[in-house]
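> What would the 3D arrangement of this be:
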Amino acid sequence: MIKNIHPFVFLFIGITSFAQEFTHQDTLRGSVTPERAWWDLQHYELNVEVFPSEKSIKGTNTVTYTVLENNDMMQIDLQPPMSLDKAVQSRKELKITSNGNAHYIHLQKNQKKGKDYKVTLYFSGKPVEAKNAPWDGGFSWTEDENGNPFIATSNQGIGASIWWPNKDHPYDEPDTGVDIAITAPSNLVAVGNGRLKKTKENDSTKTWHWKVVNPINNYGVNINIGDYVNFSEEYEGEKGMLDMDYWVLSYNLEKAKEQFKQAPKMMKAFEHWFGPYPFYEDSFKLVETPYLGMEHQSSVTYGNNYKNGYLGRDLSGSGWGLKFDFIIIHEAGHEWFANNITNKDVADMWIHEGFTNYSESLYVDYYFGKEAASEYVIGLRKSIKNDRPIIGTYNVQKEGSSDMYNKGGNILHTLRQLIENDERWRTILRGLNKDFYHQTVTSKQVETYISEKTGIDLSEFWEQYLRTTKIPKVEYKINGSELSFRYTNIVKGFDMPVIAIINGKEKWIYPTNRWHKKQFTEPIKSAAIKKDFYVESEKMN
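Numbers count the residues shown, from 1 in each chain. Purely as a prediction, here's the structure:
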């Protein structure tokens, strides 16, 4: 997802203090409850009919699951005003009891450990209308310039259960994907995730059958309905030929054909840095939407008005942000970080947003060079607030500070300097996507992985940057040819080396919380800390 940015102003959603009270509903939504833990999600078969004039939907979701432990109570999530009308297993309607957004299915059939079962959920209603998609999401019911319905879903944060019933927690994804059948008025086109398998003409409607064969996070499932036309191309990638499809409003076809030339360029850069696109079997799509964009898996949504930058603006102020379409690059970057590697708990969402923010810099690096990439990511620092840690609160559906974007990107850029070997750094980024392929992970797993692969104990590094708002400060003094330096504003044990630029030349120094001295062969006329490190610095008298 992208950050909610209005002209020249960053809007951060959340509290300004670290403490917050949470409700029982927060726990039911954000934790692996006993009613979730005993079953392993295998597949969704989602059928939904959309009624534009009524702004309503109805449908079914058949859930296939494997029994891990014997239990007879299943938690399914669906938020009001949507209604969970009934649940059926083995042709028997089951009792449902509810606690807010959590609905408990009372299973009658003996649930044998190791066996697979299905339960079909019937739902209907007028889903929450998105107030400010995609940040305050739900259904977007709009019209295009010709007065045709233009409809889309977006539900990161607010949850996929805002419109369809599911196991709404990121730790468990359907291992064999999802089938999505979307029924809409026959004069419109309905686009979902994965590949289009077939269409079916009804009386006054048409059903579009889409299929995803890979695991997929709930918020990545989406439907888009409009007066779409399609064009496509094949990309010769690391795993062979990749189908790249584009679905845009009919009157934007020529604009899209020009602007979307950046999509294969994106694929080339990111396969270089991150490894093969993770969903060859499901293809890659860009789909035009009435909102800015979102990383829906294999169905990346796009609403950047066919402009470079972020709605025509360079967020970094460096000039490099106008060299690419922000939404194409950022949202597609999420295919590796968010969709391939997914957080187990939204408290660790920096894994999604930090790495994807950094992917923008790596795209610049691939096409414009390392110096340009540095200028881009450093330029984003001006919007870092350090209001809260970028890791949130676990088990209550609470993400960390929006600094997870720009601060996250700068943390990774700093790591690149510490490694001092770009091929090794690239190997680590590719290794993450290989070793955690199609998995849900914790921040700790990612932290440990990078520490092990770099051969550097990064414990204090992660503690400093992920779990506090403190920015390390290098204080230094100059006395002739002697440089004295130390860290302040650090956690215990933080001792990250940095590069000092002394008389125009780069020299590594090793600050700690105590003063250290380094002697140079000539008088020090100028000194500064290299900007590629996310630290503050101050010359002391």
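> Residue 54 against residue 126, yeah?
Yes - between residue 54 and residue 126 there is a contact at 7.3 Å, judged by C-beta atoms under 8 Å. Where you see a C-beta, it was placed from the backbone N, CA and C, and this is true even at glycine.
> Which one's more surrounded, those two?
For residue 54 and residue 126, the more surrounded residue by other C-beta atoms under 10 Å is residue 126, and the numbers stand at 16 against 9.
> now the helices for this structure?
In the chain, helices defined by DSSP state H lie at 24-30, 34-37, 253-259, 262-274, 326-333, 350-368, 370-379, 406-419, 422-435, 443-454, 459-467, listed in chain order.
> got those as JSON lines, with mean neighbour count, mean pLDDT and distance to residue 390 columns?
As requested, the helices of the chain are arranged in JSON lines below (neighbours: other C-beta atoms under 10 Å; pLDDT from 0 to 100; distance: least, C-beta to C-beta, whole Å):
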{"stretch": "helix 24-30", "mean neighbour count": "17", "mean pLDDT": "95", "distance to residue 390": "17"}
{"stretch": "helix 34-37", "mean neighbour count": "16", "mean pLDDT": "98", "distance to residue 390": "26"}
{"stretch": "helix 253-259", "mean neighbour count": "15", "mean pLDDT": "98", "distance to residue 390": "32"}
{"stretch": "helix 262-274", "mean neighbour count": "20", "mean pLDDT": "98", "distance to residue 390": "21"}
{"stretch": "helix 326-333", "mean neighbour count": "26", "mean pLDDT": "98", "distance to residue 390": "17"}
{"stretch": "helix 350-368", "mean neighbour count": "25", "mean pLDDT": "98", "distance to residue 390": "5"}
{"stretch": "helix 370-379", "mean neighbour count": "20", "mean pLDDT": "98", "distance to residue 390": "16"}
{"stretch": "helix 406-419", "mean neighbour count": "23", "mean pLDDT": "98", "distance to residue 390": "6"}
{"stretch": "helix 422-435", "mean neighbour count": "17", "mean pLDDT": "98", "distance to residue 390": "18"}
{"stretch": "helix 443-454", "mean neighbour count": "17", "mean pLDDT": "98", "distance to residue 390": "9"}
{"stretch": "helix 459-467", "mean neighbour count": "20", "mean pLDDT": "98", "distance to residue 390": "6"}
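> Need those helices in TSV (columns: distance to residue 145).
As requested, these are exported to TSV (distance: least, C-beta to C-beta, whole Å):
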stretch	distance to residue 145
helix 24-30	38
helix 34-37	44
helix 253-259	13
helix 262-274	24
helix 326-333	20
helix 350-368	30
helix 370-379	34
helix 406-419	34
helix 422-435	39
helix 443-454	44
helix 459-467	45
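> so where do the strands sit in the stretch 1-150 of the chain?
Along the stretch 1-150 of the chain, counting by DSSP state E, counting those that start in this stretch, strands occupy 5-6, 9-10, 39-51, 56-67, 73-77, 83-89, 92-99, 102-106, 116-125, 138-143, 149-154.
> do the stretch 201-350 of the chain as well
Using DSSP E, counting those that start in this stretch, strands in the stretch 201-350 of the chain cover 205-212, 224-226, 228-237, 240-249, 284-288, 293-294, 300-302, 341-343.
> so which of those is the most packed in?
By mean neighbour count, with neighbours taken as mean count of other C-beta atoms under 10 Å, strand 293-294 ranks first of these at a mean of 28.
> Show me what that one is packed against.
With contacts defined as 3 or more C-beta pairs under 8 Å, 6 or more residues apart in numbering; DSSP states H and E, strand 293-294 has these neighbours: strand 300-302, helix 326-333.
> how about these in JSON lines, adding distance to residue 379?
Below are the helices and strands packed on strand 293-294 laid out as JSON lines (distance: least, C-beta to C-beta, whole Å):
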{"stretch": "strand 300-302", "distance to residue 379": "24"}
{"stretch": "helix 326-333", "distance to residue 379": "13"}
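> ok, back up a step: and the strands of the stretch 201-350 of the chain: which comes nearest residue 162?
strand 293-294 (13.6 Å; C-beta to C-beta).
> what are the pairing partners of the closest one, and which direction each?
strand 300-302 (antiparallel) (DSSP bridges).
> Now for the closest residue in space to residue 206 that isn't next to it in sequence, how many residues are close by?
The spatial neighbour of residue 206 that comes closest, neighbours along the chain excluded (C-beta to C-beta, 6 or more residues apart in numbering), is residue 186 at 4.4 Å. Each residue near residue 186 was counted by other C-beta under 10 Å, and the total is 14.
> go on, residue 524?
Residues near residue 524, counting by other C-beta under 10 Å: 17.
> Redo the strands of the stretch 1-150 of the chain as JSON lines? Include mean neighbour count, distance to residue 381 and mean pLDDT.
Rendered in JSON lines, the data for those read as follows (neighbours: other C-beta atoms under 10 Å; distance: least, C-beta to C-beta, whole Å; pLDDT from 0 to 100):
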{"stretch": "strand 5-6", "mean neighbour count": "13", "distance to residue 381": "15", "mean pLDDT": "36"}
{"stretch": "strand 9-10", "mean neighbour count": "12", "distance to residue 381": "12", "mean pLDDT": "30"}
{"stretch": "strand 39-51", "mean neighbour count": "20", "distance to residue 381": "40", "mean pLDDT": "98"}
{"stretch": "strand 56-67", "mean neighbour count": "19", "distance to residue 381": "43", "mean pLDDT": "98"}
{"stretch": "strand 73-77", "mean neighbour count": "22", "distance to residue 381": "38", "mean pLDDT": "98"}
{"stretch": "strand 83-89", "mean neighbour count": "17", "distance to residue 381": "46", "mean pLDDT": "98"}
{"stretch": "strand 92-99", "mean neighbour count": "12", "distance to residue 381": "44", "mean pLDDT": "98"}
{"stretch": "strand 102-106", "mean neighbour count": "19", "distance to residue 381": "41", "mean pLDDT": "98"}
{"stretch": "strand 116-125", "mean neighbour count": "18", "distance to residue 381": "44", "mean pLDDT": "98"}
{"stretch": "strand 138-143", "mean neighbour count": "19", "distance to residue 381": "33", "mean pLDDT": "97"}
{"stretch": "strand 149-154", "mean neighbour count": "25", "distance to residue 381": "28", "mean pLDDT": "98"}
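> I'd like these laid out as CSV, including distance to residue 405.
As requested, the strands of the stretch 1-150 of the chain are exported to CSV (distance: least, C-beta to C-beta, whole Å):
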stretch, distance to residue 405
strand 5-6, 10
strand 9-10, 9
strand 39-51, 29
strand 56-67, 32
strand 73-77, 27
strand 83-89, 35
strand 92-99, 34
strand 102-106, 31
strand 116-125, 34
strand 138-143, 23
strand 149-154, 17
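> of all those strands, which lies closest to residue 492?
Shortest separation from residue 492 across the strands of the stretch 1-150 of the chain is recorded for strand 9-10, at 31.6 Å, computed as C-beta to C-beta.
> Would you confirm that residue 307 contacts residue 325?
Yes - under the criterion of C-beta under 8 Å, residue 307 makes contact with residue 325 at 7.0 Å.
> still on that earlier bit, I'd like to know which of the helices of the chain lies nearest to residue 150.
helix 253-259 (15.0 Å).
> and the closest one, how far out from the chain's middle?
Distance, stretch centre to chain centre, for helix 253-259: 26 Å (C-alpha atoms, centre = their mean, to the nearest Å).
> same for it, what does it pack against?
strand 228-237, strand 240-249.
> Quick one: these as a markdown table, columns for mean pLDDT and distance to residue 436 too.
Shown next, in a markdown table, are these (pLDDT from 0 to 100; distance: least, C-beta to C-beta, whole Å):
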| stretch | mean pLDDT | distance to residue 436 |
| --- | --- | --- |
| strand 228-237 | 98 | 20 |
| strand 240-249 | 98 | 21 |
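> Make TSV from those strands and add distance to residue 414 to it.
Putting the helices and strands packed on helix 253-259 into TSV (distance: least, C-beta to C-beta, whole Å) gives the following:
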stretch	distance to residue 414
strand 228-237	30
strand 240-249	33
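> Residue 180 against residue 195, yeah?
No - in terms of C-beta under 8 Å, residue 180 does not count as a neighbour of residue 195; the distance is 10.6 Å.
> So between these two, which is more surrounded?
residue 180 (26 against 17).
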